[in-house]
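Trainee: Sequence and predicted structure below; questions after.
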Amino acid sequence: MDFKDYYKTLGIERTASEEDVRKAYRKLARKYHPDVSKEPDAQARMRDINEANDVLRDKEKRAAYDALADRVAQGYGAGSDGHGNYQPPPGWDQGFEFHRGPGAGPADHAEFSEFFSSVFGKGEHRGAQSRQYRARGEDHHAAIEISVEDAIKGAEREIVLRALEVDTKGQPAYVNRTLSVKIPAGVRPGQFIRLAGQGMPGHGGEAPGDLYLEVRIAQHKLYRVEGRDLYMTLPVTPTEAALGAQVQVPTPGGGVVEVTVPPNARNGLKLRLKERGLPGKPAGHLYLLLEIALPPADSEAARQAYEQLAKAAPFNPRRHLGTSGG
Amino acid sequence: MSSHTVITVTATVVGDVYPLAAGELAHACGAEIDWVVQLVELGIVGVPEPGASPDDWRFQSADLQSALEARRLERDFGVGLDAAALILALQNEVRRLKAVLQAEGVRRS
């Protein structure tokens, strides 16, 4: 993983004040917020900006990050695990606590980068452990991306959490915990999967917090998810649209269904396949959006057929513009 | 030096069957129950009977989503919860309208 320059992400100097950080974040958040931004990479940029802000706005995390950056600048641990991946240098983290490590590949897309995860983990400082109070551990949040098929059928995914713990010899060691998470069928984007007891350790003997995984659905080549419903573009020929047809449609749950396209179907017509969306109570629907695809006029026969159609069915689609047909 | 253990954990989906109590919602956001009471008063999260005791409130995934976003708006933009409520309402409306456009097959230019 690459070393991330959070100052560069926010466009500020290392000497920036807290107010500078706040101002830079707010300005960039307005520019890249995915709901308002026209930038093509807005979502990814917003994630980076949020991540940089989460570190630099917090005095302790910023101090740890600066110390790490210094060590990297001095050539300690600047590079590599032998595969060109960034590894934090040993011992740089004294005084801080890291819990959550890199995700487990495609099954775990935490909101923040692998770099952030391995450096800051759950973002709690070590001092928390030594506090003399009793309190349940903090909850933690991450995201998990699954396919449409997994959302429909359910799936079992493994995610890896990494904690820096002291071993029996008193030496700090990374302990990877692989969590096997059963994702129930019918889970929808934006829902949270709760893993009891997998958050921060409790203080003073109290219970640990929980881990919440926000469900995201990976982009699918055919289907788009909207709540419980799925949408799919269904291309049809002009003949099928004009005369009506029976066409075969793949369903995300597996299998193929035969769908009736009504005669004189217009472009953009929405057909509903009841309860073929995400399962649940109530189950979602699968919507098919008709898209009329023109056969190319790339042969003499095709050109003649188009000309015959024009003669047989005179039609002026621009009549409402008040112009003549030609 | 690292070791590796595999743990099987119970996963529940926050929803009708496993909703969050007010204290759990507060804890998930690093807040107190009083803060959740404010969210309910402002309509940022919904409960069927706001007049009922907070002990009886139950929250869904969408409430947790809204509460976390309100928390971030408070923290990163320094807005009051009433302004956060307005921002979230506008944000939801933008998302709803975008979804309608997409469902109608209208692509953004």
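Mentor: That came in fine, so what should we check first? Numbers count the residues shown, from 1 in each chain, chains lettered A, B, ... in the order given.

Trainee: Now find how far off-centre stretch A:48-57 is within its chain.
Mentor: From the chain centre to the centre of stretch A:48-57 is a distance of 18 Å (CA atoms, centre = their mean, to the nearest Å).

Trainee: wait, does it contact chain B?
Mentor: Yes. Using CB under 8 Å from any CB of the partner chain, stretch A:48-57 reaches chain B at A:53, A:57. All C-beta spots, glycine's among them, are computed from the backbone N, C-alpha and C.

Trainee: residue ranges of the strands in chain B, please?
Mentor: B:2-8, B:11-13, B:20-21, B:58-59 (DSSP state E).

Trainee: ranking those strands by mean pLDDT, which is last?
Mentor: Mean pLDDT is lowest for strand B:2-8 among these, at a mean of 63.

Trainee: who does A:Leu195 bridge with?
Mentor: Judged by DSSP bridges, the bridge partners of A:Leu195 are A:Leu211, B:Ala11.

Trainee: who in the stretch 1-150 of chain A is up against chain B?
Mentor: Checking the stretch 1-150 of chain A against chain B by CB under 8 Å from any CB, the hits are A:22, A:25-26, A:29, A:35-36, A:53, A:57, A:136, A:138-139, A:141.

Trainee: Please flag which of those residues sit within strands.
Mentor: A:His141.

Trainee: Was I right to think B:Val79 contacts B:Arg72?
Mentor: No. Look at B:Val79 against B:Arg72 with CB atoms under 8 Å: they stay out of range, at 10.1 Å.

Trainee: burial measure for A:Arg303, as a count.
Mentor: Counted by other CB atoms under 10 Å in any protein chain shown, the residues lying close to A:Arg303 total 11.

Trainee: how far away is it from A:Arg224?
Mentor: Separation of A:Arg303 from A:Arg224 (CB to CB, to the nearest Å): 36 Å.

Trainee: A:Leu211 now?
Mentor: 28 Å.

Trainee: now do A:Arg188
Mentor: From A:Arg188 to A:Arg224 the distance is 13 Å (CB to CB).

Trainee: Repeat that for B:Leu20.
Mentor: In terms of CB to CB, B:Leu20 sits 29 Å off from A:Arg224.

Trainee: Looking at A:Leu211 and A:Arg224, which one has more neighbours?
Mentor: Per other CB under 10 Å, whichever of A:Leu211 and A:Arg224 has more neighbours is A:Leu211, with 26 against 18.

Trainee: so A:Phe205, which of the three states?
Mentor: No, residue A:205 isn't Phe; it's Gly. Assigned with DSSP: H, G, I helix; E, B strand; the rest coil, A:Gly205 falls in the coil class.

Trainee: ok, the nearest residue to it once chain neighbours are set aside - contacts?
Mentor: Nearest residue to A:Gly205, sequence neighbours excluded (CB to CB, 6 or more residues apart in numbering or on different chains): A:Arg134, at 6.6 Å. Taking CB atoms under 8 Å, 6 or more residues apart in numbering or on different chains, we find A:Arg134 in contact with A:202-206.

Trainee: From chain B, how far out is the closest residue to A:Arg14 other than its chain neighbours?
Mentor: Of all residues not flanking A:Arg14 in the chain, A:Tyr7 sits nearest, at 5.4 Å (CB to CB, 6+ apart). With distances taken as CB to the nearest CB, to the nearest Å, A:Tyr7 is found 17 Å from chain B.

Trainee: can you confirm A:Tyr7 is in a helix?
Mentor: Yes. Counting by three-state DSSP, A:Tyr7 falls inside a helix.

Trainee: and it, how many residues sit next to it?
Mentor: Neighbour tally, A:Tyr7, other CB under 10 Å: 21.

Trainee: repeat for A:Ala52
Mentor: By other CB under 10 Å, neighbour count at A:Ala52 equals 26.

Trainee: same question, the one 4 residues further on
Mentor: The local packing count at A:Leu56 equals 25, with neighbours defined by other CB under 10 Å.

Trainee: Likewise for A:Gln198?
Mentor: For A:Gln198, using other CB under 10 Å, the count is 26.

Trainee: isn't it right up against B:Val9?
Mentor: Yes. With contact defined as CB under 8 Å, A:Gln198 reaches B:Val9; the gap is 5.9 Å.

Trainee: Quickly list what's touching both of the two.
Mentor: Taking CB under 8 Å, 6+ apart as the contact rule, A:Gln198 and B:Val9 both touch A:Leu179.

Trainee: does A:Glu258 count as helix, strand or coil?
Mentor: strand.

Trainee: where's it relative to chain B, distance?
Mentor: Counting by CB to the nearest CB, the gap from A:Glu258 to chain B is 23 Å.

Trainee: Could you do A:Pro282 as well?
Mentor: 12 Å.

Trainee: Okay, now the unreliable bits of chain A?
Mentor: A:1-2, A:75-132, A:162-167, A:170-175, A:323-326 (pLDDT under 70).

Trainee: longest helix anywhere in chain B?
Mentor: Taking DSSP state H as the criterion, chain B has its longest helix at helix B:81-103.
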